[in-house]
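Trainee: I need the structure of the sequence given here:
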Amino acid sequence: MDYLKEMNHALDYIESNLEGEIDYSTVAKLACCSISCFQRMFSYIADIHLSEYIRRRRMTLAAFELQRSNVKVIDLAVKYGYESPDSFSRAFLNVHGVIPSVARNSGKSLKAYPRITFHISIKGDAEMNYRIEKKEEFRIAGMKRHFHAPEDDPGAVDKFWKEVFENGTYEELMALSSGDPKGVHGFIEVISEEKVDYTIACITDKEPPEGMDSFVISESTWAVFQIEGPVNKAVEDAWKRIFSEWLPVSGYQYAETVDIECFPYQGNRGAADFKFEIWLPVKKM
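Mentor: Below is the predicted model:
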């Protein structure tokens, strides 16, 4: 399966249905993956949420119509899937900086967001070191938090880690760790396009203290990437490259279980030579 080809098929469908209702189950079917997987890959490759991209494309087309016709705002609202002229006007204002009635006036500066098409860019300037590893089910224990997508609040997860380092939880988890890979790691479960659960935890076969979250990660095959660099920047860059450069040509599909950011006990997480791993659950196409 050609990931980018299938994603472009899904984008063709979205583009054809900007005037009306977009059926996300159809999007997923055309992309040959779940809608959550498509949304995640889209956001990493395009640097924008799918829902925001759709909103911008609709407002681009709406602006064209306003300036070249006498169409009523209420008719545009219905055409582009809004329940009322007010909700449409708010979306229009958010994208263009002016309300629809003002946009009709000549000389007003509006924004046009072109259609996205995905293609592979071969750079060759930075290698990606990885291995494929199968791991039996294992139990983790730690502290879980609910977050908006990291790109919406990039500092939130960092603050969570800082809290764990400062309140003694990190030392508790180090003492509890008994599995491989050893260390205190970040476990990421994508709930929706804009929500993730992030658990700072260790792999263990011991009974966790009261108040800690504990659950089992099922047996999986993982693509394990060796990453080097300061965590704050290197994690974000690595995820983007994995989804935009490695996964589309790897021969694997994203398995959509739990992603892992594996950090060693020792080392300065802000150093340029800090080494850690990212574990991506995968399955053969």
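
Trainee: find the centremost residue of the protein, please.
Mentor: Arg40 (3.8 Å; Cα atoms, centre = their mean).

Trainee: ok, and it, which helix or strand is that part of?
Mentor: According to DSSP states H and E, Arg40 maps onto helix 35-46.

Trainee: what is that helix packed up against?
Mentor: Helices and strands touching helix 35-46, as assessed by 3 or more Cβ pairs under 8 Å, 6 or more residues apart in numbering; DSSP states H and E, comprise helix 3-16, helix 24-31, helix 50-68, strand 185-192, helix 231-241, strand 252-254. C-beta: built from backbone N, CA, C; applies to glycine.

Trainee: is the residue sitting furthest away from the middle of the chain in a helix, a strand, or coil?
Mentor: Most distant residue from the mean C-alpha position of the chain: Asn70, 39.6 Å away (Cα atoms, centre = their mean). Classification of Asn70 by DSSP: H, G, I helix; E, B strand; the rest coil places it in coil.

Trainee: what does Trp222 give?
Mentor: Trp222 ends up strand, using three-state DSSP.

Trainee: and Phe165, by the same measure?
Mentor: Phe165 is classified as helix under three-state DSSP.

Trainee: residue contacts, Glu6?
Mentor: When contacts are counted by Cβ atoms under 8 Å, 6 or more residues apart in numbering, Glu6 touches 30-33.

Trainee: so can I have JSON lines of those residues showing pLDDT and distance to Asn129?
Mentor: Formatted as JSON lines, the contacts of Glu6 follow (pLDDT from 0 to 100; distance: Cβ to Cβ, whole Å):
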{"residue": "Leu30", "pLDDT": "93", "distance to Asn129": "33"}
{"residue": "Ala31", "pLDDT": "89", "distance to Asn129": "28"}
{"residue": "Cys32", "pLDDT": "86", "distance to Asn129": "28"}
{"residue": "Cys33", "pLDDT": "83", "distance to Asn129": "25"}
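
Trainee: now restrict those residues to buried residues only.
Mentor: Among the contacts of Glu6, the ones that count as buried by 16 or more other Cβ atoms under 10 Å are 30-33.

Trainee: below-threshold pLDDT in the stretch 151-285 of the chain: ranges please.
Mentor: 151-154 (pLDDT under 70).

Trainee: for it, what spans make up the strands?
Mentor: Shown for the stretch 151-285 of the chain, the strands assigned by DSSP state E, counting those that start in this stretch span residues 185-192, 195-203, 213-217, 220-228, 252-254, 259-262, 275-284.

Trainee: identify the residues contacting the second one?
Mentor: Contacts with strand 195-203, where a contact means Cβ under 8 Å, 6+ apart, come from 138-150, 157, 160-161, 164, 169, 173-174, 176-191, 213.

Trainee: tell me the buried residues in it?
Mentor: 196, 198-203.

Trainee: output it as CSV, nothing but the C-alphas.
Mentor: Backbone C-alpha positions of strand 195-203 (Å, rounded to 0.1, in the frame of the first residue of the first chain) are rendered in CSV as follows:
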residue,chain,number,x,y,z
LYS,A,195,-6.8,14.8,22.9
VAL,A,196,-4.1,12.5,24.2
ASP,A,197,-3.5,10.6,27.4
TYR,A,198,0.1,10.8,28.5
THR,A,199,1.4,8.5,31.3
ILE,A,200,4.8,8.9,32.9
ALA,A,201,5.5,5.4,34.0
CYS,A,202,7.9,2.5,34.3
ILE,A,203,7.6,-1.1,33.2
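
Trainee: so in that sheet, which strands flank it, and in what orientation?
Mentor: Its sheet considered, strand 195-203 pairs with strand 138-148 (antiparallel), strand 185-192 (antiparallel) by DSSP bridges.

Trainee: for the residue nearest to Pro181 when sequence neighbours are not counted, what are its contacts?
Mentor: Excluding the flanking residues, the one nearest Pro181 by Cβ to Cβ, 6 or more residues apart in numbering is Cys262, at 5.0 Å. By Cβ under 8 Å, 6+ apart, Cys262 lies in contact with 181, 183, 185, 276-279.
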